[in-house]
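Novice: Structure of the sequence below:
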Amino acid sequence: MSRSVAGGVPRADPLVLASVAGLGLLTLMLLFAGNGDLGLTLAPLALTLVLLLAVRAPLRHSLLVLGVLCLTLENPTEIPAAGLWRSPLYVVGALLLAHLNLTLPIKALFFSGLDIALVLLAGTWVIRRMMDSPLDARGNVPPAPPLRNAALICIAAIFLVWGHGLLREGADFRFSLWQVFRVIYLPCVVLLYCAGIRGPSDSRAFGIALVVAALIRALLATYLRHLFPSELDMPHATVHADSMLFADAFLLVLVVFFERPSPRNLLLGLATLPVLTLGMIANNRRLVWVELLGALAVLYFITPFTRLKKRIAQTVAISLPVIALYTAIGWSSGARVFAPVRTIRSVVDSEADPSTRWRDLENYNLFFTLRSHPLLGTGFGHGYDEVIQLPDISQAYELYRFAPHNSILGLLTFSGGIGFAAIWLLIPLGIFFAVRSYRFSTTPRDRTTALATVGILVTYLVHCYGDMGLGTWASVFTVGPALALVAKQAVATGAWPLRRERSIDPSPLGNP
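Specialist: Have a look, this model is predicted:
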């Protein structure tokens, strides 16, 4: 922007000059505060460029980029790679995914860069609606009202459970904030994606983004396992939430081939599935196999009985005696060839794995606490009662009574039956719309989106039950877009037709 003066010489706008000067001053301050850290120093410039792009770009493009960043960048609070390795983008991930005061020495910055980005995108959408901008409205399919309303109900229920907990004696406000943060992002992101995504036409772009993000993390996990082969030094290559990302991408590639078994899609599977498998092995998380098998089982039973499924069923039936014998022999064996059997046993037998035993005892404490508060729960700000005293891990993880491993049972304990039904409504409703959309879809693209959504939601359910799945960025930015896509696909395919508004007669008295 510029202003003209006498003689036709342009003069810079004072607001632009002030903005440039402020940006330069902030960059200089961060140069000294960060001891020359290049990533931290260039952060204001990068943030300004991102801000300009977000204001001008369609909302769906901004959400696509933001989702990929949240799925691939490192979150310092999750201690990726056991703290043994940092990528060149570590500072960028810290600024985006963790509280800013962990990187910048300003206590008031108790929010993350992602919080700023979500508020910015929401504000951009509101301003565009007020100005009747066609940028996001062109080709936009409205979401199915029940799913959109479920997200609003979820947000309202979260605040009611929070208020109920704070009104009860002994509430801890600081811990209540952590409990709220674990559940509030998903419904907000669902609503934002409902506003930005046009409809089924965007499913391909978001599917590609999901697979690309998973491949990046899988390659990173494989590389880190190569650097640190000992599980004693680095038990897990990346983070636990990557299990959902790997399983979701694996399922999506399989579904793409199932719906359209072409040579091109076969090559896609041959190029991606081995990489994802190596990433899952390198990350050394047993839950990923449970997620993958559970989702595959659900997809098997909701899809038509094709020739391919018939061959799969025949192969499994023929292999059952061999599988049973292999499992029986390897149940108590320490041989490497029986590693899959040991993984299965560690999941189902608490006597064979200390971690599984801890979860069983923790689940008992949650059940006992829930029995005392069945309808309204304890409310946020309260932890579960330790009927069985567990080892004190508060020095390493002070939230262990407020954010247990079993996220589903924990949420049920804190919110009670009524609050849990309202907060969790999004998930079963999303599965219902996905299955219904699959029945109404006529194109491979739409059927793939519906089946992939079912797989993503089942994977999320398994992860939440088996470990802390609530509030992770992998869950928020896989489940959120999937729910928004299926909400719009339900309307586009006629699986949930919208009611037509009654025509209103323009005359005050109507027709005679």
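
Novice: for this structure, what are the low-confidence residue spans?
Specialist: Counting by pLDDT under 70, the chain has low-confidence residues at 1-52, 54, 338, 345-353, 500-512.

Novice: Walking through it, point out its strands one by one.
Specialist: Listed in chain order, the strands of the chain (DSSP state E) span 2-4, 10-12.

Novice: Enumerate every residue touching the residue nearest to A117 when sequence neighbours are not counted.
Specialist: Closest residue to A117 apart from its sequence neighbours, by Cβ to Cβ, 6 or more residues apart in numbering: L66 at 5.9 Å. For glycine as for every other residue, the C-beta is placed from the backbone atoms N, C-alpha and C. Applying Cβ atoms under 8 Å, 6 or more residues apart in numbering, we find L66 in contact with 114, 117, 121, 477.

Novice: now F228
Specialist: With contact set as Cβ under 8 Å, 6+ apart, F228 has these partners: 81-82, 84-85, 234, 237.

Novice: of these, buried ones?
Specialist: Among the contacts of F228, those classed as buried by 16 or more other Cβ atoms under 10 Å are 81, 85, 234, 237.

Novice: TSV please, covering those and showing distance to R285.
Specialist: Below are the buried ones among the contacts of F228 laid out as TSV (distance: Cβ to Cβ, whole Å):
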residue	distance to R285
A81	14
W85	18
M234	13
A237	9
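
Novice: Could you identify the most distant pair in these?
Specialist: Farthest pair in the buried ones among the contacts of F228 (Cβ to Cβ) is W85 and A237. Separation: 9.3 Å.

Novice: Check the contact lists of the two and give me the overlap.
Specialist: The contact sets of W85 and A237 overlap at 224, 228 (Cβ under 8 Å, 6+ apart).

Novice: mind listing what's buried in stretch 67-77?
Specialist: Across stretch 67-77, burial judged by 16+ other Cβ under 10 Å covers 67-76.

Novice: rewinding a little: out of the contacts of L66, which one sits closest to S262?
Specialist: Checking the contacts of L66 against S262 by Cβ to Cβ gives F477 as the nearest, at 29.0 Å.

Novice: Okay, the closest one and L166: tell me how far apart.
Specialist: According to Cβ to Cβ, to the nearest Å, F477 and L166 sit 29 Å apart.

Novice: And these two? Which one has more around it.
Specialist: Neighbour count, other Cβ atoms under 10 Å: between F477 and L166, F477 has more, with 27 against 15.

Novice: Report whether the expected contact of that one with C70 is present.
Specialist: Yes - the pair F477 / C70 is scored as a contact, 4.8 Å apart, by Cβ atoms under 8 Å.

Novice: ok, the residue nearest to Y364 when sequence neighbours are not counted - how many residues close by?
Specialist: Among residues not flanking Y364 along the chain, I388 sits closest, at 6.0 Å (Cβ to Cβ, 6+ apart). Using other Cβ under 10 Å, I388 has 11 neighbouring residues.

Novice: and what of R128?
Specialist: 18.

Novice: if we can go back for a sec, which of the contacts of L66 ranks first by neighbour count?
Specialist: F477 (27 neighbours).

Novice: what residues are up against the nearest residue to it once chain neighbours are set aside?
Specialist: Residue nearest to F477 in three dimensions, not counting chain neighbours: G67, with 4.3 Å by Cβ to Cβ, 6+ apart. Residues near G67 by Cβ under 8 Å, 6+ apart: 206, 209, 213, 477, 481.

Novice: Now do the same contact list for V486.
Specialist: Counting by Cβ under 8 Å, 6+ apart, V486 makes contact with 147, 430, 433-434, 437, 449-450, 453.

Novice: one more time with 10 Å, if that's ok
Specialist: V486 sits next to 143-144, 147, 200, 203, 429-438, 446, 449-450, 452-454, 456-457, 493, 495 when contact means Cβ atoms under 10 Å, 6 or more residues apart in numbering.

Novice: hang on, the earlier thing: quick check: the residue nearest to A117 vs I184, distance?
Specialist: 17 Å.

Novice: Lovely, talk soon.
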